[in-house]
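Student: Here is my input; please provide its structure:
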Amino acid sequence: MRRIAGFSLLLAVALWPSPARAQVQSRKLTLDMHLDMQEVQDPQISPDGKQIVYSRRIIDKLNDKWDTSLWVMNGDGSRQRFLVKGSSARWSPDGTRIAYLAEGEPKGMQIFVRWMDQNEENATQITHTDHPPASIAWAPDGKSIAFTMLVPVKNAWNVKMPARPEGAKWTADPRIVERFVFRVDRQGFLEDAFRHIFVVSATGGAPRQLTSGNFNDGGELGALLSWTPDGKEILFSGLRQEDWEYAWDESEVYAARVDDGAVRQLTHRKGPDQGPKVSPDGKLVAYTGYDASDNEYTDSMLYVMNIDGSNPRVLTPKLDRSPVGLEWAADGSGIYFNTDDRGTRNLWLASLAGDVRQITEGNHMLTVSSISRDGTAVGTLASSYKPADVVSFDVRSPQPRQLTFVNDDLLRGVKLGEVEQIWYTSLDNLRVQGWIIKPPDFDPKKKYPLMLSIHGGPNGMYNVAFNFGWQEHAANGYVVLYTNPRGSTGYGTAFANAIKNDYPDKDYDDLMKGVDEVVAKGYVDTRNMFVYGCSGGGVLTSWTVGHTDRFAAASANCPVIDWLSFDGATDINLWAYHRFDKLPWEDPLLLWRHSSIAYVDKVKTPTMLMTGVLDMRTPIPQTEEFYEALKLRHVPTAMVRFNDEYHGTTSKPSNFLRTQLYLRYWFEKYSRK
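Tutor: Next up is the predicted model:
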């Protein structure tokens with residue numbers, strides 16, 4: 001939900017298999033192959049550009065989880081080798097060491113440092129904290145490392161129970177909740193603690209706490225910390241004001257002095273300011289943000305200000321896309337950043353002189369995560385027919401070169417479904433983008449069942465990256481349609497904001513127009529069309545079955561069914577309360593009219609619901625509410641309660657397999673023969 005939200009054709013063909021090349025393959029994708037898929041993430045290049053360390057994830061089939069390890073290779077991709085179990089590696093400024101996170105003592109994630117000379121000596125655990133560190137950042141002199149960590153606060157309730165009789169087994173003490181935000185999906189119920197900034201010696205020792213107070217310094221888990229070049233201050237984003245829990249869409253940039261922890265505020269405008277990055281000479285700070293408004297969604301802009309917070313100015317006033325992953329040019333002349341645009345992602349550069357230009361081009365998802373002093377960029381790149389691999393290129397000659405090939409052997413000889421991009425006109429003459437995946441043995445003269453997949457958010461974006469789940473559905477004979485209706489990101493603020501106070505009504509119209517577009521091509525079996533989605537996609541799926549009977553079956557996964565009962569029951573309650581112009585008690589009928597439960601009397605479509613039992617984003621009582629209403633009306637329905645899942649149904653490898661199988665079981669059960 002809302003965030004709390006080409007390079008030449010010749011080169012593209014050289015890097016990634018084309019549809020024509022895919023057609024000469026023989027085997028189809030099978031579900032069991034998912035267990036052997038690997039993922040690469042977060043490549044980091046050494047300051048001199050000679051080595052790259054990156055994370056590689058594989059599935060532990062015995063323990064039903066993803067395992068992450070660090071791998072290292074030369075800058076040209078040679079000498080690839082396993083390094084150590086861990087993640088989030090960051091190079092020391094002189095390139096001699098990496099700091100990273102791995103399981104350690106006394107428990108959970110800890111910070112380790114490893115020397116990267118030819119011997120690659122064993123790593124040293126440098127923290128031994130009771131709470132896991134995060135957001136590690138080297139000091140400029142390489143002598144210390146900053147990180148964030150939760151700091152518990154003592155419960156203030158002075159309640160003294162009578163002494164228990166010897167051997168008594170009394171009920172555990174209740175959880176006392178006094179904070180507005182007291183739970184987070186995938187973390188669970190929060191203890192009484194706040195996130196603060198620490199510094200620890202790179203050789204190990206007792207960490208020193210820099211910031212304090214009942215605030216979360218460093219923002220969300222994994223947020224960026226940025227040292228000044230002289231090592232005297234650390235910049236971070238957060239909100240250090242008394243009513244911070246109630247501040248909607250608000251954050252500021254701060255600087256903490258390393259010697260005594262004194263904090264000064266650099267930004268002061270209404271609206272979010274985040275992700276600070278200090279320039280190489282220490283005189284400027286780059287960051288992203290936007291002015292507060294009542295918009296459903298606003299794209300961020302890239303700003304710079306003086307190190308004292310003066311003279312803030314925008315560098316991307318006309319881009320209308322959100323910059324992420326800021327990296328200063330080595331000479332301080334500008335800032336590189338990634339941005340999403342119409343289902344793709346590429347690298348851009350904004351100069352301090354006011355020039356904004358796209359560095360890479362291509363119909364791909366390129367995420368640059370590190371740039372060396374000599375201008376060598378590394379990142380991951382994925383396309384419709386190719387899962388993500390590590391690539392590198394010179395920013396002055398941006399032709400990405402593939403360095404890893406982690407899934408090539410697995411997919412060799414596999415005939416994938418052709419991916420076709422479409423654009424169509426919806427209501428209000430709005431142009432909407434989507435994609436169609438056809439079965440690998442597609443014959444335009446035949447009729448195929450259709451799956452409409454709806455993304456969550458609602459402010460999210462489907463993209464051109466390889467998607468195993470959709471390709472596996474296509475391999476089982478389905479045409480898969482996925483689109484970016486109004487409300488999606490990657491198309492500018494106006495497009496994303498077009499669902500303000502209308503969600504999920506107008507984006508529903510965009511989705512149905514997309515279905516019409518594919519049906520008009522003549523190869524869809526209109527008796528057997530199916531729809532599904534999770535989160536925001538679950539909202540729209542449940543809305544769809546209350547407004548049309550054109551689908552043979554549906555699966556509304558992890559949905560919001562009733563905005564009235566959802567408010568206050570989710571971990572993103574500020575977003576929920578501000579979802580519409582009025583609070584629930586001010587105009588309950590407004591929320592009711594936009595709730596799928598209000599139209600349950602119109603539902604005839606067999607509708608399955610799949611939700612994680614631990615879900616705190618769209619809690620399972622929302623699913624139960626719709627399930628009971630459908631059962632009361634004798635609409636065919638089933639409720640699938642996923643164990644060990646928070647929001648979504650696919651974080652556990654086995655649950656991904658179940659999600660694929662349950663979807664097709666339900667759709668095939670109610671297919672119209």
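Student: Do you have the strands of the stretch 551-673 of the chain handy? List them.
Tutor: Applying DSSP state E, counting those that start in this stretch to the stretch 551-673 of the chain gives strands spanning 553-557, 607-612, 637-642.
Student: any chance of the ones you listed in JSON lines, plus distance to Asp428, mean neighbour count and mean pLDDT?
Tutor: C-beta: built from backbone N, CA, C; applies to glycine. Listed next are those as JSON lines, based on distance: least, C-beta to C-beta, whole Å; neighbours: other C-beta atoms under 10 Å; pLDDT from 0 to 100:
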{"stretch": "strand 553-557", "distance to Asp428": "26", "mean neighbour count": "28", "mean pLDDT": "98"}
{"stretch": "strand 607-612", "distance to Asp428": "29", "mean neighbour count": "28", "mean pLDDT": "98"}
{"stretch": "strand 637-642", "distance to Asp428": "34", "mean neighbour count": "19", "mean pLDDT": "98"}
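Student: and stretch 416-425, how far from the chain's centre?
Tutor: Distance, stretch centre to chain centre, for stretch 416-425: 24 Å (C-alpha atoms, centre = their mean, to the nearest Å).
Student: now do stretch 42-61
Tutor: 19 Å.
Student: Make CSV from the strands of the stretch 551-673 of the chain and add distance to Gln471 to it.
Tutor: Formatted as CSV, the strands of the stretch 551-673 of the chain follow (distance: least, C-beta to C-beta, whole Å):
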stretch, distance to Gln471
strand 553-557, 19
strand 607-612, 20
strand 637-642, 22
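Student: among the ones you listed, which is nearest Asp192?
Tutor: strand 607-612 (25.6 Å; C-beta to C-beta).
Student: Between the strands of the stretch 551-673 of the chain, which one is closest to Asp502.
Tutor: strand 553-557 (19.5 Å).
Student: how far out from the middle of the chain is that closest one?
Tutor: On C-alpha atoms, centre = their mean, the centre of strand 553-557 falls 23 Å from the chain's centre.
Student: Sheet partners, orientation included, of it?
Tutor: Partners of strand 553-557 in the sheet, by DSSP bridges, are strand 524-534 (parallel), strand 607-612 (parallel).
Student: Can I get it in PDB, CA atoms only?
Tutor: The C-alpha trace of strand 553-557 is given here as PDB (Å, rounded to 0.1, in the frame of the first residue of the first chain):
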ATOM      1  CA  ALA A 553     -13.700 -18.000 -10.500                       C
ATOM      2  CA  ALA A 554     -11.700 -15.700  -8.300                       C
ATOM      3  CA  SER A 555      -9.100 -15.700  -5.500                       C
ATOM      4  CA  ALA A 556      -9.100 -12.600  -3.300                       C
ATOM      5  CA  ASN A 557      -5.800 -13.000  -1.300                       C
END
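Student: quick check: angle from it to strand 637-642?
Tutor: 40 degrees (axes from the mean of the first three to the mean of the last three C-alpha atoms, to 10 degrees).
Student: List of residues touching strand 553-557?
Tutor: Applying C-beta atoms under 8 Å, 6 or more residues apart in numbering, the external contacts of strand 553-557 come out as 530-535, 537-538, 541-542, 544-545, 596, 605-611, 626, 649, 659, 662-663, 666-667, 669-671.
Student: ok so, going back, export the strands paired with strand 553-557 to a markdown table and tack on distance to Lys631?
Tutor: Shown next, in a markdown table, are the strands paired with strand 553-557 (distance: least, C-beta to C-beta, whole Å):
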| stretch | distance to Lys631 |
| --- | --- |
| strand 524-534 | 20 |
| strand 607-612 | 11 |
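Student: all strands for the stretch 51-200 of the chain, in order.
Tutor: Under DSSP E, counting those that start in this stretch, the stretch 51-200 of the chain gives strands at 51-60, 65-74, 81-85, 87-91, 97-103, 109-115, 124-125, 134-138, 144-152, 183-184, 188-189, 193-201.
Student: Heading C-terminal from the last one, find the next helix or strand.
Tutor: Sequence order places strand 208-209 as the next helix or strand after strand 193-201, per DSSP states H and E.
Student: Packing partners of that next one?
Tutor: strand 193-201 (3 or more C-beta pairs under 8 Å, 6 or more residues apart in numbering; DSSP states H and E).
Student: Direction included, what does the strand it packs on pair up with?
Tutor: strand 144-152 (antiparallel), strand 208-209 (antiparallel).
Student: Just say which of the ones you listed is most tucked in.
Tutor: strand 144-152 (a mean of 21; mean count of other C-beta atoms under 10 Å).
Student: Could you check the angle that strand makes with strand 109-115?
Tutor: 170 degrees.
Student: Mean confidence (pLDDT) on strand 144-152, please.
Tutor: Average pLDDT, strand 144-152: 94.
Student: Can you report how many residues lie near Gly354?
Tutor: Gly354 has 12 neighbours, counted by other C-beta atoms under 10 Å.
Student: where does it land in three-state SS?
Tutor: Following DSSP: H, G, I helix; E, B strand; the rest coil, Gly354 is assigned to coil.
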